[in-house]
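S.K.: Below are the sequence and a predicted model for it; my questions follow.
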Amino acid sequence: MKSKKIIIGSRGSKLALIYAEKAKNQILKFSKKFNISNVEIKTITTTGDLNLKVRLSELGGKGLFSKKIEEELLDCKIDLAIHALKDMPSIETNGLVTNSFLERNDPREVLISRDKIKFKDLKPNSIIGTSSFRREYQLRNIRNDLNFKLIRGNIDTRLKKVNDRLYDAVILASAGIDCLDFSHHISEIFSVDEIIPSAGQGVIALQCRKDDEQINEILQKINHANTYICVQAERNVLKFLEGDCETAIGVISHIDNENIKLKAELFSLDGSKRFYYEASKNIKEAQDLGLEVGENLKRQSLGNYKK
């Protein structure tokens, strides 16, 4: 068998490249079995990386962080793509498949504030930075005396804006903070009961061409089984609701023996109404569980969550 070089397509941020290195190291464990000569990481600038002044929903939604990478994958310029799953659209791109996931990182949300002030102790009218409607509505549901302001950019940029007193605090995903060794900046970690994270948060997704049998086989070797099951349930909630960047929805699941438990909350367009549902099924019915939860939330909301 001829030796093969594998090219991974990734965004160029520090965090994305750390994720890409994790995937590379996992693939290299099977270099002998699949006669892999080398694994190269190619950085690709996405539309979402270029415009940092407006919400993603104003630029076209979640695909902004994946579309350019997917185009290179479809054009055979790379062999596989790596994504933060929470940034991917809920509907798969034709010709591609995302069926492999590394073991989930911490899915929780964290608060980073000046002087390590806890969320409950922030002064009224404090300015909280977030680019997510979900996070804003969830936090307003806990405290309605704070101001929320759009913040974009990588984690370093956001932390600098807090230090420069442009914001009093920011809300970020724990997974990214941990990977970048910024945990010492954390003021508070929210449990998944306090703030339900985005579907697939903390999960690194590996995407390839549907017809590339060898890459598909390699990716199945590094797929983390329990993460895969949770992803099927959580993503099906999004698919049923046709969730996008403007959909304020939190979804989280965990496996307990042979059962998977899932809970989700959905907010109305203006954030004034909250809809909640939780359920559990056997792990073999994970996809059905996601559809059940999505259907229940849609029925509760009467469709008042999308424009």
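M.R.: Looks like it came in fine. A quick note: this is a predicted structure, and the numbers were derived from the prediction, not measured.

S.K.: Identify the residues contacting Gln232.
M.R.: Contact analysis of Gln232 by C-beta atoms under 8 Å, 6 or more residues apart in numbering lists Ala286, Gln287, Gly290. C-beta: built from backbone N, CA, C; applies to glycine.

S.K.: now, which of these lie within helices?
M.R.: Ala286, Gln287, Gly290 (DSSP state H).

S.K.: Isn't Gln26 up against Leu102?
M.R.: Yes. The criterion here is C-beta atoms under 8 Å, and Gln26 meets it with Leu102 at 6.7 Å.

S.K.: Find residues that contact each of the two.
M.R.: Common neighbours of Gln26 and Leu102 (C-beta under 8 Å, 6+ apart) are Ile222.

S.K.: Who wins on neighbours among the ones in helices among the contacts of Gln232?
M.R.: Ranked by neighbour count (other C-beta atoms under 10 Å), these have Gly290 at the top, with 29 neighbours.

S.K.: if I look at that residue, how far off is Asp244?
M.R.: 17 Å (C-beta to C-beta, to the nearest Å).

S.K.: now do Phe65
M.R.: Taken as C-beta to C-beta, the span from Phe65 to Asp244 is 13 Å.

S.K.: Just the helices from the stretch 1-150 of the chain, written as ranges.
M.R.: Here the stretch 1-150 of the chain has its helices, by DSSP state H, counting those that start in this stretch, at 14-28, 47-50, 56-59, 67-74, 133-142.

S.K.: mind checking which of the ones you listed is nearest Leu159?
M.R.: Nearest of the helices of the stretch 1-150 of the chain to Leu159, taken as C-beta to C-beta: helix 14-28 at 12.4 Å.

S.K.: what does the closest one rub up against?
M.R.: Against helix 14-28 from outside (C-beta under 8 Å, 6+ apart): 6, 8, 10-11, 36, 39, 41, 43, 80, 82, 84, 102, 154-156, 176, 179-180, 204, 206, 218, 222.

S.K.: Who's the closest spatial neighbour of Pro124, skipping the chain neighbours?
M.R.: Distance criterion C-beta to C-beta, 6 or more residues apart in numbering; nearest residue to Pro124, sequence neighbours excluded, is Asp145 at 4.3 Å.

S.K.: tell me the contacts of the residue positioned nearest the centre of the chain?
M.R.: In the chain, the C-alpha nearest the mean C-alpha coordinate belongs to Lys86, at 2.0 Å (C-alpha atoms, centre = their mean). By C-beta under 8 Å, 6+ apart, the contact list for Lys86 reads Ala173, Pro197, Ser198, Ala199, Gly200, Gln201, Gly202, Val203.

S.K.: which two in these are spaced the farthest apart?
M.R.: Ala173 and Ala199 (12.5 Å).

S.K.: Mind checking which of the two has more residues around it?
M.R.: Ala199 (30 against 24).

S.K.: now the more buried one: how far from Lys239?
M.R.: 10 Å.

S.K.: now His83
M.R.: 17 Å.

S.K.: Check Glu285 too.
M.R.: From Glu285 to Lys239 the distance is 16 Å (C-beta to C-beta).

S.K.: what does Ala169 give?
M.R.: Relative to Lys239, Ala169 is positioned 33 Å away (C-beta to C-beta).

S.K.: Neighbour count: these two, which is higher?
M.R.: Legend: neighbour count by other C-beta under 10 Å for Ala169 and Lys239, higher for Ala169 (23 against 18).

S.K.: mind listing what that one touches?
M.R.: 111-114, 117, 119, 122, 126-129, 162, 187.

S.K.: Check Ile117 too.
M.R.: Asp168, Ala169, Ser187.

S.K.: quick one, which of the helices of the stretch 1-150 of the chain is nearest to Lys307?
M.R.: helix 56-59 (9.7 Å).
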